[in-house]
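In: Requesting a structural model of the entry that follows:
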Amino acid sequence: MAKRFQKIYITGGAGYVGAVLVPKLLEQGYDVSVIDLMIYGEDVLPDHPNLTKIKGDIRDAALLQQTIPGHDAVIHLACISNDPSFDLNPELGKSINLDAFEPMVKIAKEGGVKRFIYASSSSVYGIKDEPNVTEDMELIPLTDYSKFKMMCEEILQEYQSEDFTTITIRPSTVCGYSPRQRLDLVVNILTNLAIHKGEITVFGGTQLRPNLHIADMVNLYQLLLELPDEQVAGKIYNAGYENHSVAELAQIVQKVIGPQVKIKTTPTDDLRSYHVSSQKIKEEIGFEATHT
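Out: Here you go, the predicted model:
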């Protein structure tokens, strides 16, 4: 039976999240097109009769115009994905993370796409003193990476209409294994250190840092393709599993890898601690992280 949104266009689909999301959607019977520069290789995505791989740049508006129309939904993952990478070439980062965004949204809407799902970031909140950070709080991004995420959210909201449903997700730091692995994410960093060095260094340790397993992230994107327009149109949601301090995360990794792993605690001036609330997404669409 054909789904309401059968043809899905994913930007950055050969990246960390995309490499898990694409096979899941194919398994569920979707037709998937992926646009990605494939700078880490094309082998992270499976060959599949319902998968179209487009080796290209999201800044190429002509290519987007050629490839987006005819799809039912867009999931926009592509970006320079952390502050250190962004800082290496801020002009490049801006061109990808901000300048390419509105032309893509416009092409999608004019091309008949019915749903646009944007991967923002919980970093748009900046540093908060409040113990529970909710979607209605003021956004005070601290870096260009976060600022451009916020600006793209605002742009997308302007395009929300009855025939073009927009959804923004502010995920916590994603963790877990992907065929296109990242080792710059806190849980993945701790696990990598435990396996290869036998020692985890924890800076501070009492800080709460929100995380979300990649399997939960992927399940959420699939859910957002299935829900009716009236339930999700124009919505912005936090998504995370937020119950662990950095020290607790280190202890969990130690428990999994083995007691031979040493944990060393070092003082730090970075005592930022925040608990991103995922209550709204649970109450409104029933999503709750299950991978702990």
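
In: Strands along this protein, start to end?
Out: Secondary structure of the chain (DSSP state E): strands at 7-11, 31-36, 51-55, 73-76, 115-119, 165-171, 173-175, 199-203, 211-213, 235-239, 262-266.

In: Figure out which of those strands is closest to residue 134.
Out: Of all the strands of the chain, strand 235-239 sits nearest to residue 134, with 7.3 Å by C-beta to C-beta. C-beta here means a position set from N, CA and C on the backbone, and glycine is covered the same way.

In: Show me what the closest one is packed against.
Out: Counting contacts by 3 or more C-beta pairs under 8 Å, 6 or more residues apart in numbering; DSSP states H and E, strand 235-239 is packed against strand 165-171, helix 214-226, helix 279-285.

In: Go through those and name the closest to residue 181.
Out: helix 214-226 (10.0 Å).

In: Low-confidence regions, this structure specifically.
Out: 1-2, 242-243, 270-272, 292 (pLDDT under 70).

In: most remote residue from the chain's center?
Out: residue 260 (33.2 Å; C-alpha atoms, centre = their mean).

In: List the buried residues for stretch 231-241?
Out: Buried residues in stretch 231-241, defined by neighbour count with 16 or more other C-beta atoms under 10 Å: 232-233, 235-241.

In: now those as JSON lines including distance to residue 203?
Out: Shown next, in JSON lines, are the buried residues of stretch 231-241 (distance: C-beta to C-beta, whole Å):
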{"residue": "232", "distance to residue 203": "38"}
{"residue": "233", "distance to residue 203": "42"}
{"residue": "235", "distance to residue 203": "35"}
{"residue": "236", "distance to residue 203": "31"}
{"residue": "237", "distance to residue 203": "30"}
{"residue": "238", "distance to residue 203": "25"}
{"residue": "239", "distance to residue 203": "26"}
{"residue": "240", "distance to residue 203": "21"}
{"residue": "241", "distance to residue 203": "21"}
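
In: Could you identify the most distant pair in those?
Out: Farthest pair in these (C-beta to C-beta) is 233 and 241. Separation: 25.9 Å.

In: For the most centrally placed residue in the chain, which non-adjacent residue is closest in space?
Out: Geometric centre of the chain, nearest residue: residue 119, 4.8 Å, by C-alpha atoms, centre = their mean. Leaving aside its chain neighbours, residue 119 sits nearest to residue 77 (5.1 Å; criterion: C-beta to C-beta, 6 or more residues apart in numbering).

In: What distance do you get for the nearest residue to residue 59 once chain neighbours are set aside to residue 144?
Out: Counting by C-beta to C-beta, 6+ apart, the nearest residue to residue 59 once its immediate chain neighbours are dropped is residue 100, at 4.5 Å. Per C-beta to C-beta, to the nearest Å, residue 100 is found 15 Å from residue 144.

In: do the same with residue 269
Out: 23 Å.

In: who has more neighbours, residue 100 and residue 144?
Out: residue 100 (22 against 18; other C-beta atoms under 10 Å).

In: tally of neighbours for the nearest residue to residue 115 once chain neighbours are set aside?
Out: Closest residue to residue 115 apart from its sequence neighbours, by C-beta to C-beta, 6+ apart: residue 73 at 4.1 Å. Neighbourhood size, residue 73 [other C-beta under 10 Å]: 24.

In: And for residue 12?
Out: 23.

In: Show the contacting residues for it.
Out: 18, 35-36, 58, 76-79 (C-beta atoms under 8 Å, 6 or more residues apart in numbering).

In: Give me the spatial nearest neighbour of it, chain neighbours excluded.
Out: residue 78 (3.1 Å).

In: quick revisit: out of the buried residues of stretch 231-241, the closest to residue 69 would be?
Out: Distances from residue 69 to the buried residues of stretch 231-241, taken by C-beta to C-beta, are shortest for residue 233, at 21.4 Å.

In: Just give the closest residue to the closest one, not the sequence neighbours.
Out: residue 165 (4.7 Å).

In: doesn't residue 76 make contact with the residue nearest to the centre of the chain?
Out: Yes - the pair residue 119 / residue 76 is scored as a contact, 6.3 Å apart, by C-beta atoms under 8 Å.

In: before we move on, back to that, can you tell me which residues contact the residue nearest to residue 115?
Out: 5, 7-9, 113-117, 225.

In: ok, back up a step: and which of the buried residues of stretch 231-241 is nearest residue 213?
Out: residue 241 (6.9 Å).

In: what bridges to the closest one?
Out: Counting by DSSP bridges, residue 241 forms beta bridges with residue 211.

In: Sounds good, over and out.
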